[in-house]
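Participant: I would like the atomic coordinates for the input below:
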Amino acid sequence: KPKKKAEPKRAKPKEPQKDPLRELAKAAAQSQAGEDNNHTQFSDHFSPDALYSSVITALNFKREADALLAGKPLVNNIPEEDLADVPSVADALGALQQSSDARGAVQETASLLKYLTANREDIGQLSGTKGLSQESINQLDLVDNLFGTIKSQVDVTTELKPALGNLQIPMAKLALLEPRFFVDREHPARGVVDKLAHLAASANFPNKALESRIERIIDKIIDDYDDDSIVFDTALAKVEKLVAQQQRAQGRNRERVIKTQEGQQKLKRAQMAAADVINARLAPPHAPEVLLQLAESGLRDLLILTHLREGPGSDPWNEHVKTLELLSLWLSEQREDGTDEDLLMERSLEAEPLIDMISQEISAALPTSIAHEAVLNQLREILDGRQEVVMTPVAPQEESTEPGVAEVRSKIQSLPRINRWIQRVNQLQKGTWLNYKDKEGQKRRMQLAWISDNKDRFIFVNELGQRHADVNAVQLARQLSRGVKPPTVADKLSLVDQSMYDTLEHVQKSLSFARNHDSLTKLINYDTFLEQVGRALRHSERKHSQHAVMYLNIDQFNLVNEVYDEANGDLVLHEFAKLLAQLHGKKSSSSRIKGDEFGVLLLDQSIKQAVEHADQIRSDIESSSVEIEDESVTFTVSIGVAPIRDYTPGVDEVMEFAHSAMHLAKDRGRNQVVEFEEGQSDIDRYKKSQQEAKSNIQATLETDRFVLRAQPIVQTTVDGSAPESQHFELLLGLTNKDGSLSSPIEFIKSAERYGYMGLVDRWVVKEAFTWINKLMDYQKMVPHISINLSGGSITDDSFMDYLLEQISEFGVGTSKLCFEITETGTISNLVKAADFVQTFRNIGCKFSIDDFGTGLASHNYLRELPVDFVKIDGTFIKDIDNNRNDYAMTRSINDLAHFLGQKTIAESVENRNIIDKLTEIGVDYIQGWGVGKPKLLVDITDDLDDIEK
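Facilitator: Presented below is the predicted three-dimensional model:
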């Protein structure tokens, strides 16, 4: 209803107001609720039509959100007949397609939709209209997003950027005439765009021939495309020919690298084998000098060549080895027996033909070599007794290995932290592609082409098949630990699908931002800030690190209120927030607490550093100003600083300490920084309290107070009915003295803070596997079970080993296991979390990410973590039947997960209305008291079906 215009109010500190994006979500969700439900198909066979419907809804949300932020009306009241329809827009694009000036102007604008809107009156077919139809706008938006994705995801070579950009107009015309272009994954135009963009990547250049052929293909499309997409069939055939040629060239280049390396390795293998033979027969401490000279003057090379040509097990190789052994034996006996005439006569008769044979073999293998002749003559004289056997010292020889191998192995032994990544290195197969980022931050990829026999060296080629990197095992392990990894599901999406995924992701980002940020200042809100302080507190406890919290208040903000109206008061807060965000530096975050009070979390700073930092901020704010109604307004702040140490009591106490210090700064005259001072008695009390908490945790772990319960997770169906569940989440409970059960929430909080969750996780795993074994003994059907793991466990190498051992020891079927990890639990080390997930998925386990949607960067986890299920946080579910913002958030998460082939689970489902809404959205599974209450495992056992015999 129209509202009565309010009288202007005096400015005052304003509590967080309704966010336009939150309000828009209501309208977006209302339109979503009225659509036909195609999303239920996602969980079984991903429906392109459902995807397209979701993307169009997301586009409408994005467009309307932009309008709200710009202060424009949401509803378009222009009659349909006054808008340019699809055929008119397509005709207009056909004319622009032939104009090089128009194509260039579109690329400068970076948006075809914006270009048409701005130049509508100058375009014949659009002149006189009042805008574009909704259908036209949607298709143009999709094409704009597609080419935006190409710019952001593909490093197109500078020479081909104009040519590739010229495709935007014909692709837009195609989308208008054939809307199913975005739905039909077999459409030739999709292949043309995707393959051309990757062919145009800078990794393939300079290459004038390829550049010229790509330009000709694009020019042909521009010249010939009217309304028949056969043009794209012809273009696709040409593009695929180029791709095939490139792949063959890449393959030949790669094979050359492999053959070169294999030749070098074969030679090294032969050299080491020859060295081992010689070192074993001419061993320390002394050896005949003549044999050492013979080895270096031709015998060593003869052994190497024989190894290369005939192989180490061949007859020629064995004969050469026996010859060296015989010569060594003769010289040893001659040295011991002196100059026995009979022995010398016997040797001379046998030695002469043997030495002649050696001479012939070396000469045949080494035609240009003559150094061995003099040595062989000396050997004849020694065996004839004309010379004595001269012995020479021989130094001990280490086992023959490739250069650097010993150093690598030594490093592996001295760096236990990289053992996990060494194992991943050993699991890599030839042909594996790995993604990495170059120095400019551009995503690249490389292919593992060659692995040494002992897996100490790895050679990678680039996308052209050219040698790119030669690294040892330790170097590669370090790269894997820093995020170099095989492509994720999102990385494998085609460009068209990627552009649509980006559209959906934008909605999730917008809704997530609105949830976690203050609507006025755009700083993170107080709840999110407290979560970050809590993580800092846990980090300090585990790592004995130091952090700090600043509590800021704008001095005498009421003076601003007395002079300026509410809008300008808000402007001051907004500008102050921008200034604060710029001043606090890296490894810090700022939040609006309430009104004119703000908080800053400073990570890895001692209290002394934090106070100095705070005073610098105070000084910078004092010297800054905000322009209001052409006047420069300055202000000061009072700041309280409180430390976060391993003995700090808790989040609430930290904030109270900083708050009280801030008030003390005001009492002392404002515009200053005050440090919260802890008395030694307080510190002793905190430490004693912590020790008592730790003792309680240990005592609980050593008793039988823990108990496991199971809550059903039920699959939804089209009509909303809930078939019997065979999927349960295991929940931890605590037994009280009277036998009742209580929530373990406080216990878990303490265990997380003091680093005991690993022990809790181990207890849960063992109890769960024991229960599964009992079910098998009782001939019961084993259900799918979900086990919660803490963030500390999934990044703990020893827990990974423990879990693998338990799976092996109990012999549980991994296909029945699903492990739940919380979104916030993976923040500390996303690379390790992803590795943990992939390791157990490789043996058949499944994973779900719990409490999804509450974090600041939720969308990153969907891209990076290879999970099977996404559990939508219960805060979005509890009021979904009344809160349209929660509806929109739930749907955006559902759509994103389904796009990547992940199934969704809604938590905290309490009633029929919620179930209906979730079924409408297309959520795959539901869980909550409205579906089934948690039960003790003994009761679940009784309910399970027997195995049919």
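Participant: Run a quick neighbour tally on residue 813.
Facilitator: Residues lying near residue 813 (other CB atoms under 10 Å) number 13. For every residue, glycine as well, the C-beta is placed using N, CA and C.
Participant: Also residue 132?
Facilitator: Residue 132: 23 neighbours (other CB under 10 Å).
Participant: repeat for residue 53
Facilitator: 19.
Participant: got the buried residues for the helix or strand where it lies?
Facilitator: Here residue 53 is covered by helix 48-69, with elements defined by DSSP states H and E. Residues of helix 48-69 classed as buried under the neighbour-count rule (16 or more other CB atoms under 10 Å) are 48, 50-65, 67-68.
Participant: ok, residues contacting the helix or strand following it?
Facilitator: Using DSSP H and E, the helix or strand that follows helix 48-69 in sequence is helix 86-97. Defining contact as CB atoms under 8 Å, 6 or more residues apart in numbering, one finds that helix 86-97 is touched by 84, 102-103, 106, 116, 123-126, 129, 132-133, 135-136, 139-140, 169-170, 172-173, 176-177, 222, 225-227.
Participant: from these, which ones fall inside helices?
Facilitator: 102-103, 106, 116, 135-136, 139-140, 169-170, 172-173, 176-177, 222 (DSSP state H).
Participant: Can you flag the buried ones in the contacts of helix 86-97?
Facilitator: In these, burial by neighbour count holds for 84, 102-103, 106, 116, 123, 125-126, 129, 132-133, 136, 139-140, 169-170, 172-173, 176-177, 222, 225, counting by 16+ other CB under 10 Å.
Participant: tell me what the helix holding residue 53 is packed against?
Facilitator: For helix 48-69, the packing partners by 3 or more CB pairs under 8 Å, 6 or more residues apart in numbering; DSSP states H and E come out as helix 20-33, helix 134-153, helix 495-516, helix 884-899.
Participant: mind saving the C-alpha coords of the next helix or strand after the longest one as CSV?
Facilitator: Scanning the chain past helix 495-516 towards its C-terminal end, the next helix or strand to appear is helix 526-543 (assignment: DSSP H and E). Coordinates of each C-alpha in helix 526-543 appear next as CSV, following Å, rounded to 0.1, in the frame of the first residue of the first chain:
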residue,chain,number,x,y,z
TYR,A,526,28.2,-8.6,14.2
ASP,A,527,27.2,-12.3,14.2
THR,A,528,29.8,-13.0,11.5
PHE,A,529,32.4,-11.0,13.3
LEU,A,530,31.8,-13.0,16.5
GLU,A,531,32.3,-16.3,14.5
GLN,A,532,35.6,-15.0,13.3
VAL,A,533,36.7,-14.0,16.8
GLY,A,534,35.7,-17.5,17.9
ARG,A,535,38.0,-19.1,15.3
ALA,A,536,40.8,-16.8,16.4
LEU,A,537,40.3,-17.9,20.0
ARG,A,538,40.5,-21.6,19.0
HIS,A,539,43.5,-21.0,16.9
SER,A,540,45.2,-19.2,19.8
GLU,A,541,44.5,-22.2,22.1
ARG,A,542,45.8,-24.8,19.7
LYS,A,543,48.8,-22.9,18.3
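Participant: which parts of helix 526-543 are buried?
Facilitator: Quick answer for helix 526-543 (16+ other CB under 10 Å): 526, 528-541.
Participant: all strands of the stretch 301-450 of the chain, in order?
Facilitator: Assigned by DSSP state E, counting those that start in this stretch, the strands in the stretch 301-450 of the chain fall at 391-393, 433-437, 443-451.
Participant: Sort out which residues of the longest one are buried, please.
Facilitator: Read it as strand 443-451. Using 16+ other CB under 10 Å as the test for burial, strand 443-451 gives 444-451.
Participant: any idea which of the residues you listed is closest to residue 604?
Facilitator: residue 444 (31.1 Å; CB to CB).
Participant: What is the neighbour count of the residue nearest to the closest one when sequence neighbours are not counted?
Facilitator: In space, and not counting its chain neighbours, residue 444 is closest to residue 438: 5.3 Å by CB to CB, 6 or more residues apart in numbering. Around residue 438 there are 9 other residues, counting by other CB under 10 Å.
Participant: how near is residue 438 to residue 485?
Facilitator: As judged by CB to CB, to the nearest Å, residue 438 and residue 485 stand 15 Å apart.
Participant: Residue 463 now?
Facilitator: Using CB to CB, residue 463 is found at 17 Å from residue 485.
Participant: Is it possible to get TSV of the strands of the stretch 301-450 of the chain that adds mean pLDDT and distance to residue 617?
Facilitator: Shown next, in TSV, are the strands of the stretch 301-450 of the chain (pLDDT from 0 to 100; distance: least, CB to CB, whole Å):
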stretch	mean pLDDT	distance to residue 617
strand 391-393	93	73
strand 433-437	94	33
strand 443-451	94	36
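Participant: So which of those is nearest residue 349?
Facilitator: So among these, strand 391-393 is nearest, using CB to CB, at 25.3 Å.
Participant: which residues touch that closest one?
Facilitator: Against strand 391-393 from outside (CB under 8 Å, 6+ apart): 284-289, 292, 335.
Participant: Give the pairing partners of that strand; include direction for each.
Facilitator: Sheet partners assigned to strand 391-393 using DSSP bridges are listed as strand 286-288 (antiparallel).
Participant: tell me how far the partner strand is from the chain's mean position?
Facilitator: Offset of strand 286-288 from its chain centre (CA atoms, centre = their mean, to the nearest Å): 60 Å.
Participant: Which secondary structure elements does the following helix or strand past that strand sit against?
Facilitator: Per DSSP H and E, the first helix or strand lying C-terminal to strand 286-288 is helix 289-294. Helix 289-294 is packed against helix 315-337, helix 371-384, strand 391-393, with contacts defined by 3+ CB pairs under 8 Å, 6+ apart.
Participant: what's the most buried one of those?
Facilitator: helix 371-384 (a mean of 17; mean count of other CB atoms under 10 Å).
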